[in-house]
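# I'll drop the sequence and a predicted model, then ask my questions.
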Amino acid sequence: MAIGNQQSAMIIVGLGNPGEDYAQTRHNLGFMLIDKLAAAAGANVKRRECQSLVGGALIEDRRVVLVKPQTFMNLSGEAVSCLNSKYESEEKNSLIVISDDLALPFGKIRLRQRGSAGGHNGLKSIIGALGTNEFARLRIGIQPEHPVSDAKRFVLDRFSSTERESLAEILERAAQAVHSIVRDGLAKAMSLYN
């Protein structure tokens, strides 16, 4: 589905790192959720635009742009800032960013209207590039059961076999939360999913 510049579309960005090496890692939950949303909407997230893979879709009868930045996590802001300018919308909450969160228990979903980066380099890059932390975010918990000495290595590791067993269910719940934001607005989605 083509989406022209003049049309207002909600931008849904899933954070991750490009390439097969990172495909099934904890840090790529954002990409995984974008793939799930695209598959359900019959959309392809393959068009190259603003250093991202992009695809137009209809979710809850609303035009959305599904995005997987290809800049690597620490530079996600470059891609998001470019797309945000392109599809500029006067509407509040027309940008949703999906990320993993090391501080949230594994599988827990947290929706927020604004906030700090919370140590997440992708969110930090986006806040820096946009000059604001006023955008919706959906965070999916990846907190380990035991303390880890190397957080960077942990987020770039693949899911454990136990985690993989509940991954489909977690992504399904996160997809429902996105549908709820698009359909009912962020405040109602927060009351249902937080």
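That came through fine. Numbers count the residues shown, from 1 in each chain.
# C-alpha only now, for contacts and for neighbours.
Noted.
# strands along this protein, start to end?
For the chain, strands defined by DSSP state E occupy the ranges 10-14, 47-49, 52-59, 62-69, 95-105, 109-112, 136-143.
# tell me what residue 111 is bridged to.
Beta-bridge partners for residue 111, by DSSP bridges, are residue 138.
# tell me the contacts of it?
Shown in contact with residue 111 (Cα atoms under 8 Å, 6 or more residues apart in numbering): 136-139, 186, 189-190, 193-194.
# try 7 Å this time
When contacts are counted by Cα atoms under 7 Å, 6 or more residues apart in numbering, residue 111 is found next to 137-139, 190, 194.
# ok, back up a step: reformat the strands of the chain as TSV; add distance to residue 76 and mean pLDDT.
What follows is these, written out as TSV (distance: least, Cα to Cα, whole Å; pLDDT from 0 to 100):
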stretch	distance to residue 76	mean pLDDT
strand 10-14	10	96
strand 47-49	13	97
strand 52-59	9	96
strand 62-69	6	96
strand 95-105	10	95
strand 109-112	19	96
strand 136-143	14	96
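# dump these into a markdown table; add distance to residue 34 as well.
A markdown table is the format used below for the strands of the chain (distance: least, Cα to Cα, whole Å):
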| stretch | distance to residue 34 |
| --- | --- |
| strand 10-14 | 6 |
| strand 47-49 | 14 |
| strand 52-59 | 10 |
| strand 62-69 | 6 |
| strand 95-105 | 9 |
| strand 109-112 | 15 |
| strand 136-143 | 12 |
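# quick one: low-confidence residue ranges for this protein.
Within the chain, the segments meeting pLDDT under 70 span 1-8, 89-93.
# go again with 50.
1-7 (pLDDT under 50).
# can you tell me which helix in it is longest?
In the chain, assigned by DSSP state H, the helix with the most residues is helix 161-184.
# what sits up against that helix?
33, 37, 59-60, 107, 109, 189, 193.
# out of the residues you listed, which end up buried?
The neighbour count (16 or more other Cα atoms under 10 Å) marks 33, 37, 59, 107, 109, 189, 193 as buried among the contacts of helix 161-184.
# and these as JSON lines, adding distance to residue 52?
As requested, the buried ones among the contacts of helix 161-184 are exported to JSON lines (distance: Cα to Cα, whole Å):
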{"residue": "33", "distance to residue 52": "16"}
{"residue": "37", "distance to residue 52": "17"}
{"residue": "59", "distance to residue 52": "20"}
{"residue": "107", "distance to residue 52": "26"}
{"residue": "109", "distance to residue 52": "25"}
{"residue": "189", "distance to residue 52": "27"}
{"residue": "193", "distance to residue 52": "28"}
